[in-house]
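Asks: everything below, folded, please.
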Amino acid sequence: MPSDRNSITLPSVRRLLRRWTDWLRRRKRLAEVERLDAAAAAAIAREVGTGAPELRALAGKWPDTSADLLARRLGALNLDPARLSARHPAVAQDLSRLCTLCADKSRCRHDLARRPESATWQSYCPNTGTLTALQHERDQPMGRKP
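Replies: Residues are numbered from 1 along each chain as shown. Presented below is the predicted three-dimensional model:
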């Protein structure tokens, strides 16, 4: 009878295979971006609202859980993602870009799961300033600018 310590469970094998597959996909996307000539990379970076070096970083991280985390953070702050995208598309894109590049996704995920109402996120979130400004804008009486 095999010991529990040496046995590998099917879910852990699936998780390992999923991580391996995700890593291969990220490497492929990164290689595609690396093959672009400078003009094409600059054009795509402009379209995304970033520079060519950051475009490479984004390609290496996509897809990840950023869209879900950002939507959950916006919800926790009573900000509507659809309304934000419609009213401020460039701001929504910038929030998404910074969220994708963030190194604190696991902390964010944990905070959203355990205490979404806490302001702890403000100490590590690269979108703190923008999200705070959006809350302030939301809380202003209609037609009144600060």
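Asks: per-residue pLDDT, the nearest residue to Leu112 once chain neighbours are set aside?
Replies: Counting by C-beta to C-beta, 6 or more residues apart in numbering, Leu112 lies nearest to Arg72, which is 4.9 Å off, once chain neighbours are set aside. For every residue, glycine as well, the C-beta is placed using N, CA and C. On pLDDT, Arg72 comes in at 93.
Asks: do Arg97 as well
Replies: On the pLDDT scale, Arg97 gets 83.
Asks: try Arg144
Replies: Reported pLDDT for Arg144: 57.
Asks: counting by contacts, list what the longest helix belonging to the chain packs against.
Replies: Looking across the chain with DSSP state H, the single longest helix is helix 10-35. For helix 10-35, the elements it packs on are helix 52-61, judged by 3 or more C-beta pairs under 8 Å, 6 or more residues apart in numbering; DSSP states H and E.
Asks: the helix it packs on to helix 10-35, inter-axis angle?
Replies: Here helix 52-61 points in a direction 160 degrees away from that of helix 10-35 (axes from the mean of the first three to the mean of the last three C-alpha atoms, to 10 degrees).
Asks: what is the three-state secondary structure of His110?
Replies: Under DSSP: H, G, I helix; E, B strand; the rest coil, His110 falls in the helix class.
Asks: least confident secondary structure element in this protein?
Replies: Here the helix or strand of the chain ranked lowest by mean pLDDT, DSSP states H and E is helix 52-61, holding a mean of 70.
Asks: so which bits of that helix are buried?
Replies: Buried residues in helix 52-61, counted by 16 or more other C-beta atoms under 10 Å: 52, 55-59, 61.
Asks: and the most centrally placed residue in the chain, how close does it get to Pro11?
Replies: Nearest to the geometric centre of the chain sits Ser66, at 2.5 Å (C-alpha atoms, centre = their mean). From Ser66 over to Pro11 the distance is 25 Å, taken as C-beta to C-beta, to the nearest Å.
Asks: likewise for Ser106?
Replies: Distance from Ser106 to Pro11, by C-beta to C-beta: 19 Å.
Asks: do the same with Trp20
Replies: For Trp20 relative to Pro11 (C-beta to C-beta), the value is 15 Å.
Asks: for Arg27, give me the pLDDT.
Replies: At Arg27, the pLDDT recorded in the model is 75.
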